[in-house]
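A.B. asks: sequence first, predicted coordinates after that:
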Amino acid sequence: MTAIDEIREGDLAAGIVPRSAYYDPDVLELEKKRIFERSWHYVCTVHDLKKAGDYFTVTVADQAVMVVRGNDGQLRAFYNACTHRGALLTESKCGSTGQIFKCMYHAWAFDLTGDLVAVPYPEDYPADFKRENFRLTPVSVDTFGDLVFVALRPKVESLQEYMGEMWEWLLPYITGIEPIGRNSWVYGGNWKLWHENFRDNYHPEFTHRQIHDMTPHYADRGGNWAKQPGHSILMWRAEKPNMKRYERSLQRLSGIKFDMPEGALGLQETDVVQGEVAELDQTVIALYPNLDIQPGPAGAEGWAEKQGFIQVVTPLTPSTARVDLIVYSDVNDTPEERELLLETLADMQGSWGKLSVDDAEAAYRCHNGILGQGHRTNLFTRTDGPGTSSDTSGRTEYSQREFYRVYQQYMADES
Amino acid sequence: MTQLQLLDTDRLQLQVQRFYADYAAIIDRMQGAQWVDQFTHDGVYGLTSYNNYKGQGMWWYVDRGRIKLFERAAYNHGYFYHQFDKMLHQISNVRIIEASDEQITTEAYFALFVCDRGGPSQIHVTGEFRDVIVRGEDDGLLFADHRVIVDGETIPQNMGVLL
């Protein structure tokens, strides 16, 4: 049985996923065609495209695409390829092109609506050469709150329908936000391993020593919700952090003795009531197929719901992937708030981040273990009952099963 | 510049270069507590990448003060699950931008070579330092503010390292 057969016939919706899905090259090629070409993909925010001529580029299923703001204020998306010989019209991630995209090869020029407006020495072309036959090829584009999405051959034409149950729920979190920084990094593992991680509330107390030490019971009160089609929400109510235990663990595991009074790192609490609730709700959202959004926790001081992270994972090979991290904040930050956030907001995420370093390590180790021919499947069967969600336990796996339910549908769709 | 001034300049250059060489050795030998001692008590350590530095100015993190430096050192010396087998920091192109009795403003380049998971030595990351160095009580040098700007908007996995 091939890896593709295993995906087609396997019980993915029940949480039994064949390991070949993570390393088989034919699977990745089919994912590019049936998932990445058919889904809606995050590109940037509307604040990245403020004025006419501003553009942002993205690669979807190895295909270069750009979104540009027109003179009429509209966003349009096109394949980032000259219709003459295919050269990229821009190799920059983002910028401002003025009124024209001019190809650096033969100077064919396109306006912001995609029309071919200039061709050097047109008299040398045959009489039937018509510029209107060489417009830039458009791509679907739409916005969801402040987020801009594109789709090459969308299986679901409407972005709102594609977002399904997430549309109304997520909209307040992603309206009124703007990027303050970004980075990408490459890790040695399949792209799905990263995205699964953001649907997983079972691992943090083990993978992240900080969570184990500070708030080990974080997931005792939480939720794990599959949101159709293919999306998910994790939520947990955090307990008060045990900073003394955290300090002791830092020193024990590193072998570094802090020559500072105990408690110097944080709260001067002599006793932390185990599991005492801090009235802090943390949420992690995953959107099919490869986008994660983490707003700030509700109730936290100095960190609000409109300050957080957007992460997109893109496959490079079956065994490597790139994560694009966008750190965002509230458009209405005061200068003082923004100054602090520019120094502190990115500390947990990224390939430097106090949490993400170990997430990437987990993905690397999973991928390299999966390559072995021992056990044949991965398991996502945790539940506390029937249905699609849990309101009492964050450690269930409805969210991953929802991803693989829709993944299997897309992979089987030959249209 | 007089001969004496030139001699003073060369001495200062040499002292700063030695400071950076010692700094590299401390990190490479995983001497976390000594790494913290390379900073003043309220020293600052910040990292970012070049695109953020010339953009809105977002830092990956800025650690202010001794306890935060201890915390950072601990993460990179065993609190994270992954550690490189071997590191080799090369610091070069050290330039003194400005020097007074109070402080020395410097810039330098760095390259980090690593051996990872039994593999060969390879370059992991490069970038620049933009620092403010002061004299400690024993006339030795200390970072008052050590800022690291990593090359590239795309960076590798495993950036849980001291730079």
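C.D. replies: Received the coordinates, thanks.
A.B. asks: what's across from the closest residue to B:S49 other than its chain neighbours in the sheet?
C.D. replies: With sequence-adjacent residues excluded and distances taken as CB to CB, 6 or more residues apart in numbering or on different chains, B:S49 is closest to B:V150, at 4.6 Å. For the C-beta atoms, the positions are set from N, CA and C on the backbone; glycine is no exception. Beta bridges link B:V150 to B:S49, B:G127, judged by DSSP bridges.
A.B. asks: for B:V150, give me its contacts.
C.D. replies: B:47-50, B:125-127, B:159, B:163 (CB atoms under 8 Å, 6 or more residues apart in numbering or on different chains).
A.B. asks: near chain A, which residues of chain B? Just list them.
C.D. replies: Counting by CB under 8 Å from any CB of the partner chain, the residues of chain B close to chain A are B:32-33, B:36, B:46-49, B:51-52, B:55-62, B:66-68, B:70-71, B:73-75, B:77-82, B:153-160.
A.B. asks: narrow the residues you listed to those in strands?
C.D. replies: Using DSSP state E, the members of these that fall in strands are B:46-49, B:61-62, B:154-156.
A.B. asks: filter the residues you listed to the buried ones?
C.D. replies: Neighbour-count burial (16 or more other CB atoms under 10 Å in any protein chain shown) is assigned, among these, to B:46-49, B:61-62, B:155-156.
A.B. asks: in TSV, list those residues along with pLDDT.
C.D. replies: Converted to TSV, those look like this (pLDDT from 0 to 100):
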residue	pLDDT
B:G46	98
B:L47	98
B:T48	98
B:S49	98
B:Y61	97
B:V62	97
B:I155	95
B:P156	94
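A.B. asks: I'd like the residues you listed as JSON lines, with distance to A:V43 appended.
C.D. replies: Below are these laid out as JSON lines (distance: CB to CB, whole Å):
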{"residue": "B:G46", "distance to A:V43": "30"}
{"residue": "B:L47", "distance to A:V43": "27"}
{"residue": "B:T48", "distance to A:V43": "24"}
{"residue": "B:S49", "distance to A:V43": "21"}
{"residue": "B:Y61", "distance to A:V43": "27"}
{"residue": "B:V62", "distance to A:V43": "30"}
{"residue": "B:I155", "distance to A:V43": "21"}
{"residue": "B:P156", "distance to A:V43": "24"}
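A.B. asks: show me the shaky parts of the chain.
C.D. replies: In the absence of a named chain, chain A is used. A:267-280, A:298-303 (pLDDT under 70).
A.B. asks: should've been chain B
C.D. replies: When residues are selected by pLDDT under 70, those of chain B lie in B:1, B:3-7.
A.B. asks: pull the longest helix from it.
C.D. replies: In chain B, taking DSSP state H as the definition, the longest helix is helix B:3-28.
A.B. asks: buried sites along that one?
C.D. replies: With burial defined by 16+ other CB under 10 Å, the residues of helix B:3-28 counted as buried are B:15-17, B:19-20, B:23-24, B:26-28.
A.B. asks: what is that helix packed up against?
C.D. replies: Taking 3 or more CB pairs under 8 Å, 6 or more residues apart in numbering or on different chains; DSSP states H and E as contact, the helices and strands that helix B:3-28 lies on are helix B:32-36, strand B:86-99, strand B:104-115, strand B:141-150.
A.B. asks: for chain B, which residue gets nearest to chain A?
C.D. replies: B:M58 (2.9 Å; CB to the nearest CB).
A.B. asks: how many other residues sit next to that residue?
C.D. replies: Each residue near B:M58 was counted by other CB atoms under 10 Å in any protein chain shown, and the total is 24.
A.B. asks: secondary structure class for the nearest residue to it once chain neighbours are set aside?
C.D. replies: Take B:M58 and drop its neighbours on the chain: the residue closest to it by CB to CB, 6+ apart is A:G181, 2.9 Å away. Three-state call for A:G181 (DSSP: H, G, I helix; E, B strand; the rest coil): strand.
A.B. asks: how near is A:G181 to B:L142?
C.D. replies: Distance of A:G181 to B:L142, given as CB to CB, to the nearest Å: 29 Å.
A.B. asks: who's more crowded, those two?
C.D. replies: Neighbour count, other CB under 10 Å: between A:G181 and B:L142, A:G181 has more, with 25 against 18.
A.B. asks: I figured that one hits B:Q56, correct?
C.D. replies: Yes. Between A:G181 and B:Q56 there is a contact under CB atoms under 8 Å: 6.2 Å.
A.B. asks: still on that earlier bit, distance check, the residue of chain B closest to chain A against B:Q13.
C.D. replies: 33 Å.
A.B. asks: with A:V313 instead?
C.D. replies: Using CB to CB, A:V313 is found at 46 Å from B:Q13.
A.B. asks: hmm, back to that, of the residues of chain B next to chain A, keep whichever come out buried.
C.D. replies: Counted by 16+ other CB under 10 Å, the residues of chain B next to chain A give B:32-33, B:36, B:46-49, B:51-52, B:58-62, B:66-68, B:70-71, B:73-75, B:77-80, B:82, B:153, B:155-160 as buried.
A.B. asks: can you redo the helices and strands packed on helix B:3-28 as TSV with distance to A:L147?
C.D. replies: Compiled in TSV, the helices and strands packed on helix B:3-28 are given as follows (distance: least, CB to CB, whole Å):
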stretch	distance to A:L147
helix B:32-36	40
strand B:86-99	39
strand B:104-115	35
strand B:141-150	27
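A.B. asks: out of these, which gets nearest to A:L325?
C.D. replies: Closest of the helices and strands packed on helix B:3-28 to A:L325 is strand B:141-150, at 13.9 Å (criterion: CB to CB).
A.B. asks: can you check what angle separates that closest one from strand B:104-115?
C.D. replies: Angle between the axes of strand B:141-150 and strand B:104-115 is 60 degrees (criterion: axes from the mean of the first three to the mean of the last three CA atoms, to 10 degrees).
A.B. asks: can you give the distance of strand B:141-150 from its chain's centre?
C.D. replies: Distance of strand B:141-150 from its chain centroid, counting by CA atoms, centre = their mean, to the nearest Å, is 5 Å.
A.B. asks: in PDB, list the C-alpha atoms belonging to that strand.
C.D. replies: C-alpha atoms of strand B:141-150 as PDB (Å, rounded to 0.1, in the frame of the first residue of the first chain):
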ATOM      1  CA  LEU B 141      35.900  45.800  31.000                       C
ATOM      2  CA  LEU B 142      32.200  44.900  31.400                       C
ATOM      3  CA  PHE B 143      29.200  45.200  29.100                       C
ATOM      4  CA  ALA B 144      26.800  47.900  30.100                       C
ATOM      5  CA  ASP B 145      24.700  47.200  27.000                       C
ATOM      6  CA  HIS B 146      25.400  44.300  24.700                       C
ATOM      7  CA  ARG B 147      23.200  44.200  21.600                       C
ATOM      8  CA  VAL B 148      23.300  41.500  19.100                       C
ATOM      9  CA  ILE B 149      21.900  41.900  15.600                       C
ATOM     10  CA  VAL B 150      21.700  38.600  13.700                       C
END
